[in-house]
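Undergrad: no sequence for this one, just the structure:
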């Protein structure tokens, strides 16, 4: 049942359930919202592979393309996982652990990593491997046929690794020239899978979750006709518990120098130590997207992972929901579980709001609240859009690993 320290693999258990059902009962799409692999915390089996082929830094992390290829093979080699990935259409987007913990948290983080001798080869290999193992499957056949890199690789002799490396290095250095985000129209629903890692603009004083070029693309997708509702997949949650949201607002302002240079250095260290790098930590982008979604005039459902637990949040007075399911996973400690629960109650919200006001941060464009959760089990969430109103169900795996059991069902009223 693959229990170990990370619990039973709920995706594997879900695949075992689907095998016995007719095709018409399978989901229409499997959405994977980041951390599909952990390049910075590989398994003991993966570390044995690394030790057998090299003796050098980084000793406990992935270093090059060959190791990434083996990492993906191990992650997706179980028969049940192979079956579900071959039988159900997928939509994927990466998060930090697909490359490294806290990837693109801030300009300071990036500068520090760029000074590490092995980092450049690692990030180039990681982005190249992501392009092959995940992003190619996100493209339609027409998009693949039109893709310059895809055509060049197919026309080249040998493995053409230098072409893939050159593309990946440029994508890292000049993010505005590469788009990992994509859009699919699924009947009357528009799915927008939004890159909230590589597309970040980290310029001090002008930090953005997605750069201006990516922003214009997003505005275009939201403004096109033909969809009755919008579903946005973004690896890091847009709507956090409000107490945590205010703390991240406050931390960003201090790291930008609101209380002086000394406090800015301390705040940057705090940001990296406690992963304060969600949409709330890019306040300009949060506010811009909040106003944009409020004007869309259609129901909006945001899907996210990352935080190692699950919950539902709802914007007051607007048809905007945040669904978070962070499953097959690196479990939170009891202390962090308690902290996330406390952050949802009024006192934490008041304290966070007080800190934000001390830093002279304006109120968000709208208010929201966590309506359901948090749940800390390994979980898989199912969004059903053919009901009125739509509903979302969270399931966890049974101890035997042969079945799934319901945690809760929520109607998105």
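TA: Structure's in. What do you need? None of the values given here were measured: they were computed from a predicted structure.
Undergrad: distance check, residue 224 against residue 156.
TA: 36 Å (CB to CB, to the nearest Å). Where you see a C-beta, it was placed from the backbone N, CA and C, and this is true even at glycine.
Undergrad: meant to ask about residue 85
TA: 27 Å.
Undergrad: the two: who's more crowded?
TA: residue 85 (17 against 13; other CB atoms under 10 Å).
Undergrad: the more buried one belongs to a helix, doesn't it?
TA: Yes: judged by DSSP: H, G, I helix; E, B strand; the rest coil, residue 85 forms part of a helix.
Undergrad: please enumerate residues in contact with whichever strand or helix holds residue 171?
TA: Element membership of residue 171, judged by DSSP states H and E, is helix 161-173. Outside helix 161-173, the residues that touch it by CB atoms under 8 Å, 6 or more residues apart in numbering are 65, 120, 123-128, 131-132, 149, 152-153, 156, 177-178, 198.
Undergrad: mean confidence for that helix?
TA: Mean pLDDT, computed over helix 161-173, is 97.
Undergrad: name the next helix or strand downstream of it, please.
TA: strand 182-186.
Undergrad: centre of the chain to that following strand, how far?
TA: Relative to the centre of its chain, strand 182-186 is centred 17 Å away, using CA atoms, centre = their mean, to the nearest Å.
Undergrad: what number of residues lie near the residue lying closest to residue 29 once chain neighbours are set aside?
TA: The shortest distance from residue 29 to any non-neighbouring residue, by CB to CB, 6 or more residues apart in numbering, is to residue 89 (5.2 Å). Other residues near residue 89 number 14, with proximity taken as other CB under 10 Å.
Undergrad: which residues touch residue 89?
TA: Taking CB under 8 Å, 6+ apart, one finds 28-30 in contact with residue 89.
Undergrad: now, of these, which are buried?
TA: residue 30 (16 or more other CB atoms under 10 Å).
Undergrad: tell me which of the contacts of residue 89 fall in strands.
TA: residue 30 (DSSP state E).
Undergrad: export the contacts of residue 89 to CSV and append columns for distance to residue 327 and pLDDT.
TA: Formatted as CSV, these follow (distance: CB to CB, whole Å; pLDDT from 0 to 100):
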residue, distance to residue 327, pLDDT
28, 19, 96
29, 16, 97
30, 12, 97
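Undergrad: contacting residues around residue 127?
TA: Per CB under 8 Å, 6+ apart, neighbours of residue 127: 99, 168, 171-172, 198.
Undergrad: does it count as helix, strand or coil?
TA: helix.
Undergrad: gap between the nearest residue to residue 64 once chain neighbours are set aside and residue 106?
TA: Leaving out its chain neighbours, the residue that sits closest to residue 64 by CB to CB, 6+ apart is residue 125, at 4.9 Å. According to CB to CB, residue 125 stands 23 Å off from residue 106.
Undergrad: spatially central residue in the chain, please.
TA: residue 235 (1.8 Å; CA atoms, centre = their mean).
Undergrad: pretty sure that one sits against residue 95.
TA: Yes: assessed by CB atoms under 8 Å, residue 235 is found in contact with residue 95 at 3.8 Å.
Undergrad: common neighbours of the two, please.
TA: Joint contacts of residue 235 and residue 95 (CB under 8 Å, 6+ apart) are 33-35, 196-197, 305-306.
Undergrad: now the residues you listed as CSV including secondary structure?
TA: Below are those laid out as CSV (three-state DSSP):
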residue, secondary structure
33, coil
34, coil
35, coil
196, coil
197, coil
305, coil
306, coil
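Undergrad: so which of these is the most crowded?
TA: Neighbour-wise, these (other CB under 10 Å) top out at residue 196, 31 neighbours.
Undergrad: for it, which residues are in contact?
TA: Here residue 196 is in contact with 95, 209-210, 234-236, 279 (CB under 8 Å, 6+ apart).
Undergrad: out of those, name the ones that lie in strands.
TA: Per DSSP E, the contacts of residue 196 map to strands at residue 234.
Undergrad: now the two most distant members of the contacts of residue 196.
TA: 95 and 210 (14.4 Å; CB to CB).
Undergrad: more neighbours, those two?
TA: Using other CB under 10 Å, the more surrounded residue of residue 95 and residue 210 is residue 210, with 26 against 23.
Undergrad: and the more buried one, how far is that from residue 289?
TA: From residue 210 to residue 289 the distance is 9 Å (CB to CB).
Undergrad: buried ones in the helix or strand encompassing residue 382?
TA: Counting by DSSP H and E, the element that carries residue 382 is strand 380-384. Residues 380-381, 383 are the ones in strand 380-384 that count as buried (16+ other CB under 10 Å).
Undergrad: and for stretch 252-259?
TA: So for stretch 252-259, counting by 16+ other CB under 10 Å, buried means 252-256, 258-259.
Undergrad: shouldn't residue 53 be in contact with residue 69?
TA: No: taking contacts as CB under 8 Å, residue 53 lies outside contact range of residue 69: 11.9 Å.
Undergrad: quick one, which of those two is more surrounded?
TA: Counted by other CB under 10 Å, residue 53 and residue 69 do not tie: residue 69 has more neighbours, with 15 against 12.
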